[in-house]
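Undergrad: Here is my input, please return the structure:
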Amino acid sequence: MVIVTESKALTKPLRDLIHQATGRCDDLPSEEKKSEKELDQDERGTWSSQWDFAFTCVAYAVGLGNVWRFPYLCFKNGGGAFLIPYFFSMLICGIPMFFLEVSVGQYLGVGGMSVVGQLAPIFKGVGYSAIMMVFLENVYYIIVITWTLFYLFNTFMDLPSLPWSDCSKGNGTWATVSCWAPESGIPYAESVAAMHNISEADTETAVEQFWKNEVLHASGGIEEVGEIQWDLFICLIVAWALVYVFIWKGLHNSGKLLWVCAVFPYIILSILCVKALTLEGASEGLKFLFTPEWERLYEAEVWIDGGTQIFFSYGVGIGSLLALGSYNKFNHNCHRDAIFVCCVNSFTSIFSACVIFSILGYMAHQKGVEVGEVVQSGPALAFLVYPEVVLAIAPSPFWAFLFFIMLLNLGLDTQFSSVESLMTGLVDNWPEQLRPHRKKFTLGMTVFMCLLGLPMITRGGIYVFQLMDFYAASGLSLLWCVFFQTIAICWVFGAKKFYLCIEEMIGYRVSWYWYICWVFLAPAFMVFIFVFYFVRYSPSPWVTITTLPG
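TA: Numbers count the residues shown, from 1 in each chain. The predicted structure is shown next:
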């Protein structure tokens, strides 16, 4: 997307691309190209070390998409059946597209909106759609961080226990007559639920009711918006303040802090995993996770969710990787980093799912129901399952604090990089006007996106959130953005030319596997998902919501 006012920002990349369009990437004298690249990098800034980029990508790609979104989509789509399209998409779309985006950003030294429009001007609309999706993702993704902050603050409200540890703590407020906590020691026959003739299978734990009635104060449907939840409003303000303070100078100046953010979650997840695997019934949960329901593969939604979860989790298609790659030095080995980050990302998803499904097996054992029936599927799954397991680890408030700090860490990592992607894309398009005022511009955008998130912290906000999660920056919208970006770079500009550009950057020729995936396999798989979606179309359940999801 070429803007006339950006003469300095665009002259160098466009001149290079003219040479690339008529021959090999090395047609430009290498010394001239490198000196121009160094001048541009000095102006924009680069990572202080080669590991800053790798750890920032891990911190960005490994986030709530792994710990929060992957498990609930896996649960929603029948466990093992979901893993088949997920891993298939990972091999032919996810890793190749991750590598392509990072290398494009690194080669051109610009991120966001500028890139696709410069490579193939007829596809400059892909840049607009990508920047719009990352904008919408920033608006709704931070709501998960808001819920996390609410839980984090509440861990200190009822010391030495937790507010959701027992139904009696919510009497007169969030607990209803259907609330029964098996771990409280009160037999079902003596519970309030039994006195009101509510079957054991129809009861809800204190964790479930705390989520629905205390965190969300959920209304009966999307048509009942209700008032703003002021406690969530305060958490939303705090979340955006943290994001702004972190990125106001630019993410490339914060590499060392992201090292800590990338490593810390694995320590907490490992502790929770050890405890979860020792719970009674954990094996049933793992069996549900890894045993496919083959008939589910005939459902289009399984392929949509499995295929696009890779894009969502890896951060492909919305410009973030282009922005992060643009801060690399010209000869950085992005090939090595792309494979490393993608493998770490998918490992984290499976690792998190093992923790989640072990706890679901425990909860199903406690209630005497099947794993697939223990809770309703939805974005609340992590907020129903993880708070349940910390109750079994003493001292509960300490472990709850560490867990929600971990969730906050994961959420903020991704939010930092997504907002940085948005800012980089806009600033790189209007450098003369925006780069001198980056801090003020970032502040203004932060306030604007915070205001747009207000409908999702109302009593009907969970339904708006579901719609945003399904349509805004995932599903078919993300699929088509990635598809046309692939066509623009690999078919219009030329995959073979860029294949040679990568060789020029990293100093060796990568496998032709990448070329085959970029040109043939990835576009074909995306078209297959799109066609299959319409052949097996069924109305989205979020269009006619009448009951609370999750």
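Undergrad: so where do the helices sit in the stretch 51-200 of the chain?
TA: 64, 70-76, 80-89, 95-108, 114-119, 124-154, 192-195 (DSSP state H, counting those that start in this stretch).
Undergrad: a markdown table for those helices, including mean pLDDT, distance to Ser283 and mean neighbour count?
TA: Bear in mind the C-beta positions are built from the backbone N, C-alpha and C, glycine included. Output for the helices of the stretch 51-200 of the chain, formatted as a markdown table (pLDDT from 0 to 100; distance: least, Cβ to Cβ, whole Å; neighbours: other Cβ atoms under 10 Å):
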| stretch | mean pLDDT | distance to Ser283 | mean neighbour count |
| --- | --- | --- | --- |
| helix 64 | 75 | 27 | 24 |
| helix 70-76 | 86 | 17 | 25 |
| helix 80-89 | 91 | 15 | 20 |
| helix 95-108 | 88 | 31 | 26 |
| helix 114-119 | 78 | 48 | 26 |
| helix 124-154 | 90 | 28 | 22 |
| helix 192-195 | 80 | 28 | 16 |
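Undergrad: could these go into a markdown table alongside distance to Phe528?
TA: Output for these, formatted as a markdown table (distance: least, Cβ to Cβ, whole Å):
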| stretch | distance to Phe528 |
| --- | --- |
| helix 64 | 28 |
| helix 70-76 | 19 |
| helix 80-89 | 10 |
| helix 95-108 | 16 |
| helix 114-119 | 23 |
| helix 124-154 | 20 |
| helix 192-195 | 47 |
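Undergrad: Of those helices, which is nearest Asp428?
TA: helix 114-119 (5.2 Å; Cβ to Cβ).
Undergrad: chain center to the closest one: distance?
TA: Taking Cα atoms, centre = their mean, to the nearest Å, one finds helix 114-119 lying 24 Å from the centre of the chain it belongs to.
Undergrad: next one: stretch 474-486
TA: For stretch 474-486, the separation from the chain centroid amounts to 15 Å (computed by Cα atoms, centre = their mean).
Undergrad: Ile92 contacts Ala522, correct?
TA: Yes: between Ile92 and Ala522 there is a contact at 5.7 Å, judged by Cβ atoms under 8 Å.
Undergrad: rewinding a little: for the helices of the stretch 51-200 of the chain, which one sits closest to Leu451?
TA: helix 124-154 (9.4 Å).
Undergrad: just checking, what packs against the closest one?
TA: helix 64, helix 114-119, helix 230-247, helix 381-390, helix 396-429, helix 438-452, helix 461-471, helix 475-486 (3 or more Cβ pairs under 8 Å, 6 or more residues apart in numbering; DSSP states H and E).
Undergrad: any idea which of these is most buried?
TA: Sort the helices and strands packed on helix 124-154 by mean neighbour count, taking mean count of other Cβ atoms under 10 Å, and helix 114-119 sits at the top with a mean of 26.
Undergrad: low-confidence ranges in the stretch 201-350 of the chain?
TA: Residues of the stretch 201-350 of the chain that meet the criterion pLDDT under 70 lie in 248-262.
Undergrad: where do the helices sit along it?
TA: Using DSSP H, counting those that start in this stretch, helices in the stretch 201-350 of the chain cover 206-209, 230-247, 255-277, 282-290, 300-314, 320-326, 334-367.
Undergrad: can you pull the contacts of the residue nearest the centre of the chain?
TA: By Cα atoms, centre = their mean, the mean C-alpha position of the chain lies nearest to Gly65, the distance being 3.6 Å. Gly65 is in contact with Gln309, Phe312, Ser313, Ser349, Thr414, counting by Cβ atoms under 8 Å, 6 or more residues apart in numbering.
Undergrad: what about 7 Å?
TA: Phe312, Ser313, Thr414 (Cβ atoms under 7 Å, 6 or more residues apart in numbering).
Undergrad: That one and Thr348: what is the separation?
TA: Separation of Gly65 from Thr348 (Cβ to Cβ, to the nearest Å) stands at 9 Å.
Undergrad: Next: Cys517.
TA: From Cys517 to Thr348 the distance is 23 Å (Cβ to Cβ).
Undergrad: Name the residue in the two with the higher neighbour count.
TA: Cys517 (26 against 23; other Cβ atoms under 10 Å).
Undergrad: ok, now which ones touch the more buried one?
TA: The contact partners of Cys517, by Cβ under 7 Å, 6+ apart, come to Ile92, Pro96.
Undergrad: give me that answer again for 10 Å
TA: By Cβ atoms under 10 Å, 6 or more residues apart in numbering, the residues touching Cys517 are 91-97, 99-100, 486, 490, 495, 511, 523-525.
Undergrad: and if you look at Ala206?
TA: Counted by Cβ under 10 Å, 6+ apart, Ala206 has contacts 162-170, 174-175, 179-181, 183-184, 387-388, 391.
Undergrad: and if you look at Leu242?
TA: By Cβ under 10 Å, 6+ apart, Leu242 lies in contact with Ile142, Ile145, Leu149, Leu408, Gly411, Leu412, Gln415, Phe416.
Undergrad: Farthest pair within those?
TA: With Cβ to Cβ as the measure, no two of those lie farther apart than Leu149 and Phe416, at 15.5 Å.
Undergrad: List the residues that contact Tyr515.
TA: Tyr515 neighbours (Cβ under 10 Å, 6+ apart): Pro96, Cys490, Ala495, Lys496, Phe498, Tyr499, Ile502.
Undergrad: which one of these is nearest Ser474?
TA: Pro96 (19.4 Å).
Undergrad: For Ala120, see how far away the closest one is.
TA: To Ala120, Pro96 is 18 Å away according to Cβ to Cβ.
Undergrad: now Trp518
TA: Taking Cβ to Cβ, one finds Trp518 at 14 Å from Ala120.
Undergrad: Ala201 now?
TA: 56 Å.
Undergrad: Run a quick neighbour tally on the closest residue to Val510 other than its chain neighbours.
TA: Leaving out its chain neighbours, the residue that sits closest to Val510 by Cβ to Cβ, 6 or more residues apart in numbering is His335, at 5.5 Å. Counted with other Cβ under 10 Å, residues neighbouring His335 total 19.
Undergrad: which residues touch His335?
TA: His335 touches Phe99, Val102, Ser103, Ile502, Glu503, Met505, Ile506, Tyr508, Val510, Ser511, Trp514, counting by Cβ under 10 Å, 6+ apart.
Undergrad: tell me which residues in stretch 168-180 are buried?
TA: Neighbour-count burial for stretch 168-180 flags Lys169, Gly170, Trp174, Ala175, Thr176, Ser178, Cys179, Trp180 (criterion: 16 or more other Cβ atoms under 10 Å).
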